[in-house]
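Undergrad: Using only what follows, build the 3D model:
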Amino acid sequence: MNCRHIQKKLSALQDGELNADEKIAVSAHLQSCPDCRRVYDEMEEVWQSLGMINEIEPSPQFNRNLYWKIHTSANQQQQSVAPWFLQLLPTPAVTLAFLLISITLGAFLGNAIVAEQPWSIGHQTSSSQAIIDVDSLKVFSPIPPDTLGNGYLIMASATEEYSK
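TA: As a prediction, the model looks like this:
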């Protein structure tokens, strides 16, 4: 076995998790390889040092205080996530009423704006409106504007007018 493979198994050796064959192979490698032996000795030293640390017993109030802090922290996060206007709407019924009023008002205002057609220019005569309507239908023309075919059609229609 190579050193890298052995070093992956050192923790399992310390914990007693290796089977008999693996334990013999790792121990034999540690006897012959000073680098892996040094790594294992360092791990043993840390393991021994951790074993000497005394356990700290929590106070009797620790669990209650911890639960209270977690609970209050979760409530504060939930309150801070909600926007201010959602905090004004405490019940689903009020929210539903607000939504219905908003939709109705939006539909009314939308219909009023469309009926007035604010994008048309002043008061146009019916003939100028017809020209605008015809020009807007040119969008659906099979010949794109600014092409040779479009130029030919313009020139042909101009010569037809002169020949009449």
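Undergrad: elements contacting the helix or strand hosting I6?
TA: Using DSSP states H and E, I6 maps to helix 3-15. When contacts are defined as 3 or more Cβ pairs under 8 Å, 6 or more residues apart in numbering; DSSP states H and E, helix 3-15 packs onto helix 20-32, helix 34-51. Placement of C-beta: from N, CA and C, glycine included.
Undergrad: so for it, what's the average pLDDT?
TA: Taken as a whole, helix 3-15 has an average pLDDT of 88.
Undergrad: which residues touch that helix?
TA: Applying Cβ atoms under 8 Å, 6 or more residues apart in numbering, the contact partners of helix 3-15 are 18, 22-23, 26-27, 29-30, 33, 35-36, 39-40, 43-44, 47.
Undergrad: May I see the buried residues of that helix?
TA: For helix 3-15, a neighbour-count test (16 or more other Cβ atoms under 10 Å) marks 6-7, 9-10, 13 as buried.
Undergrad: now do stretch 65-73
TA: Buried residues in stretch 65-73, defined by neighbour count with 16+ other Cβ under 10 Å: none.
Undergrad: CA atoms only: put it into CSV for me.
TA: C-alpha atoms of stretch 65-73 as CSV (Å, rounded to 0.1, in the frame of the first residue of the first chain):
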residue,chain,number,x,y,z
ASN,A,65,-32.4,29.9,27.5
LEU,A,66,-31.2,28.3,24.3
TYR,A,67,-34.7,27.4,23.2
TRP,A,68,-35.9,30.9,24.1
LYS,A,69,-33.1,32.5,22.0
ILE,A,70,-33.8,30.3,19.0
HIS,A,71,-37.5,30.9,19.2
THR,A,72,-37.2,34.7,19.5
SER,A,73,-34.6,34.8,16.7
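Undergrad: and V26, how many neighbours?
TA: 21 (other Cβ atoms under 10 Å).
Undergrad: That one against L18, yeah?
TA: Yes: contact criterion Cβ atoms under 8 Å: V26 and L18 qualify, at 6.5 Å.
Undergrad: residue ranges for the helices of this structure, please.
TA: Applying DSSP state H to the chain gives helices spanning 3-15, 20-32, 34-51, 62-81, 84-88, 92-116, 126-137, 148-163.
Undergrad: So which elements touch the longest one?
TA: Meaning helix 92-116. Helices and strands touching helix 92-116, as assessed by 3+ Cβ pairs under 8 Å, 6+ apart, are absent.
Undergrad: one more time with 10 Å
TA: In terms of contacts (3 or more Cβ pairs under 10 Å, 6 or more residues apart in numbering; DSSP states H and E), helix 92-116 is packed against helix 84-88.
Undergrad: Just the buried residues from the contacts of helix 3-15, in ChimeraX please.
TA: Selection of buried members from the contacts of helix 3-15 for ChimeraX, criterion 16+ other Cβ under 10 Å:
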select :18,26,29,30,33,36,39,40
